[in-house]
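**Student:** I'd like to go over a predicted model; first the sequence, then the structure.
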Amino acid sequence: MSLTATYDSQNIFAQIIRGDAPCYKLYEDDDVLAFLDVFPQSYGHTLVIPKRSAACNILDVDTEALCKMAAAVQKLTQVIVAELQPDGVQVAQFNGAPAGQTVFHIHMHIVPRYAGEGLGVHAAGKADPAELERLQARLLKRLAA
Ligand code: 5GP
């Protein structure tokens, strides 16, 4: 999809925001939703999305929504690092299919990195639901602490 494509309200993240599709939710407020990636590239791979902005990418998102998403990314990254103790963490954001974007509702990735472990293939290989549930419980507990 091009950088200037029209926003499709049927995309999977729009469905998740509306509650029409499930997610392993970690955090939600009026502006932002964070949940586990179900095709994780590493243990703890998390996505953060703005809820109110019908934006495909960084070009069309409003600045306030972008800032609120970034603030949530920092908070979630701190929690994920505290709980999972990775050796590094990637924060990424892709715009347009040639840049690796596959879901066209703007989002940011938090991808913990562990020494000696390669990165999983992007948007491939669905995680075990039971493992995602355990991870969600772990991170929710840390978030509440
Ligand atoms: P993008 O490629 O657009 O930067 O990232 C989209 C991300 O959404 C990918 O990492 C992919 O694994 C993830 N993803 C795709 N479909 C779903 C879904 O139904 N639920 C969740 N939680 N993540 C999804």
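**Tutor:** Perfect, thanks for sending it.

**Student:** Flag every residue of this protein that's near the ligand.
**Tutor:** For the chain, the residues in contact with the ligand (C-beta under 6 Å from any ligand atom) are 12, 23, 35-39, 47, 94, 100-103, 123. Yep, even glycine has a C-beta here, placed from its N, CA and C like the rest.

**Student:** quick one: which of these is most hemmed in?
**Tutor:** Counting neighbours by other C-beta atoms under 10 Å, residue 47 leads the residues of the chain next to the ligand with 24 neighbours.

**Student:** what helix or strand does that one sit in?
**Tutor:** Taking DSSP states H and E as the criterion, residue 47 maps to strand 46-50.

**Student:** which strands and helices sit next to that strand?
**Tutor:** Packed against strand 46-50 by the contact rule (3 or more C-beta pairs under 8 Å, 6 or more residues apart in numbering; DSSP states H and E) you find helix 12-18, strand 32-36, helix 63-84, strand 108-113.

**Student:** Could you list every helix and strand in contact with the second one?
**Tutor:** For strand 32-36, the packing partners by 3+ C-beta pairs under 8 Å, 6+ apart come out as helix 12-18, strand 25-28, strand 46-50, helix 63-84, helix 129-144.

**Student:** Point out the most buried one among these.
**Tutor:** Highest mean neighbour count among these (mean count of other C-beta atoms under 10 Å): strand 46-50, with a mean of 25.

**Student:** That one pairs with which strands, and in what direction?
**Tutor:** Take DSSP bridges as the rule and strand 46-50 pairs in its sheet with strand 32-36 (antiparallel), strand 108-113 (antiparallel).

**Student:** How far does that strand sit from its chain's centre?
**Tutor:** When distances are taken as C-alpha atoms, centre = their mean, to the nearest Å, strand 46-50 is centred 3 Å away from the chain's centroid.

**Student:** Which residues does that strand contact?
**Tutor:** Identification of contacts with strand 46-50 by C-beta atoms under 8 Å, 6 or more residues apart in numbering yields 13, 16-17, 26, 31-37, 61, 65-66, 68-69, 72-73, 76, 80, 105-110, 139.
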